[in-house]
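A.B. asks: I need the structure of the sequence given here:
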Amino acid sequence: MASIIGTIIVFAAILTGFLLEKGPVAVLLQPSEFIIICGAALGTLIAGNQFHVLKKIALSLVRVLRGSPFKKEHYIDSLRMMFHLFNKARKEGMVGIENDIEEPEKSPLFTKHPAFLKDHHALCFVCDTMRMAVTGGATPFDVDRMMELDLEIHHADAITPSAALATMADAMPGIGIVAAVLGIVIAMSALGGPPEEIGKKVAAALVGTFLGILMCYGVVGPLAASVAKLADEELAYYHVLRVVMLSFLKGMSPILAIEMARRAIPEHLRPSFQEVEKACRKKDEAVPVTAVAA
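C.D. replies: Have a look, this model is predicted:
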């Protein structure tokens, strides 16, 4: 939603300033220039990326428009779920959670947290890590190293759409110049005609440069930055999961492991100790939380 509001402000400010200078809005309506710039930019995006990257770009843009799902409530719900998982492991032994992590979709524990269950990577991250603890043979250091590798690979993959969009944004001013040159070619071919017609063609050509720069710095560039920030927020969330699991595997009590993870939450989203403790002590029932798209 913030991205939509920001884009609207950009266009509103530009149009308002143009109108205050008595500029004719009709001259900015050049469908041919828009088709050349956006079509060529889309072509460069497709030519420079594989299909799975293009799919991730589409999914990332949808997530950006929906807004970040990593809010305080999502952190509290995740820590609450981990607290109950650790409590079960402490009471029944690590073998007691084997069925939960092997078939999380059927686990009474995980199904009470549908938002977490829908986050495919987070679910696999937790279950695969806890599986190493159940099977034994891996030290906390080894498990931490595996989690670190997992997060490195996932984050590198998550920022690929942002890099692709940034490359596309960088190309748009140049494509705008191409559109402007084509417009000048058309204007030059009309020399000898009425001056008014030549002026309109030159104006249309200059709109191409304007649109290329506007789309780069006013639309695509900010979207690329938003996608990158969302990937960073996702990494911060997975880091919290890493901290809570590592703390428990090192022998900390469930509530102390949760407190370690709470302090790893970004400051602007971090719940208070009382909020987390109250959620953990509450009866284990489903809590409505915004789902995270996989």
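A.B. asks: any weak-confidence spans in the protein?
C.D. replies: Within the chain, the stretches with pLDDT under 70 are 1, 283-294.
A.B. asks: Would you point out which residue is most central in it?
C.D. replies: When C-alpha atoms, centre = their mean is applied to the chain, the residue found nearest the centroid is residue 230 (3.3 Å).
A.B. asks: tell me which strands and helices whichever strand or helix holds that residue is in contact with?
C.D. replies: Take DSSP states H and E as the rule and residue 230 turns out to sit in helix 221-249. Contacting helix 221-249 under the criterion 3 or more C-beta pairs under 8 Å, 6 or more residues apart in numbering; DSSP states H and E are the following elements: helix 2-20, helix 51-66, helix 72-92, helix 120-135, helix 140-158, helix 160-189, helix 254-262. Where C-beta positions appear, they are placed from N, C-alpha and C, glycine not excepted.
A.B. asks: Now distance to residue 202 and mean neighbour count too, for the ones you listed, in CSV please.
C.D. replies: Listed next are these as CSV, based on distance: least, C-beta to C-beta, whole Å; neighbours: other C-beta atoms under 10 Å:
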stretch, distance to residue 202, mean neighbour count
helix 2-20, 17, 12
helix 51-66, 35, 15
helix 72-92, 54, 20
helix 120-135, 52, 17
helix 140-158, 45, 15
helix 160-189, 5, 19
helix 254-262, 62, 19
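A.B. asks: Next, format those as CSV and append distance to residue 200.
C.D. replies: Supplementary listing: those in CSV, determined by distance: least, C-beta to C-beta, whole Å:
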stretch, distance to residue 200
helix 2-20, 17
helix 51-66, 35
helix 72-92, 54
helix 120-135, 53
helix 140-158, 46
helix 160-189, 9
helix 254-262, 63
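A.B. asks: so who does residue 242 touch?
C.D. replies: Counting by C-beta atoms under 8 Å, 6 or more residues apart in numbering, residue 242 makes contact with 144, 147-148, 151.
A.B. asks: cool, and residue 93?
C.D. replies: Under the criterion of C-beta under 8 Å, 6+ apart, residue 93 has no neighbours.
A.B. asks: What separation do you get for it and residue 149?
C.D. replies: Spatial separation of residue 93 from residue 149 under the definition C-beta to C-beta, to the nearest Å is 28 Å.
A.B. asks: ok so, going back, let me know which of the helices and strands packed on helix 221-249 is the nearest to residue 243.
C.D. replies: Ranking the helices and strands packed on helix 221-249 by their distance to residue 243 (criterion: C-beta to C-beta) puts helix 254-262 first, at 4.7 Å.
A.B. asks: could you say what helices and strands whichever helix or strand comes after that closest one packs with?
C.D. replies: Using DSSP H and E, the helix or strand that follows helix 254-262 in sequence is helix 273-281. In this structure, helix 273-281 packs against helix 72-92, helix 254-262, with contacts taken as 3+ C-beta pairs under 8 Å, 6+ apart.
A.B. asks: Just the C-alphas of helix 273-281, formatted as PDB.
C.D. replies: Extracted C-alpha coordinates of helix 273-281, given in PDB (Å, rounded to 0.1, in the frame of the first residue of the first chain):
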ATOM      1  CA  PHE A 273       8.800  -9.000  27.500                       C
ATOM      2  CA  GLN A 274       5.300  -8.900  29.000                       C
ATOM      3  CA  GLU A 275       3.600  -9.200  25.600                       C
ATOM      4  CA  VAL A 276       5.700 -12.200  24.600                       C
ATOM      5  CA  GLU A 277       5.300 -13.900  28.000                       C
ATOM      6  CA  LYS A 278       1.600 -13.300  28.100                       C
ATOM      7  CA  ALA A 279       1.200 -14.800  24.600                       C
ATOM      8  CA  CYS A 280       3.400 -17.800  25.500                       C
ATOM      9  CA  ARG A 281       1.500 -18.500  28.700                       C
END
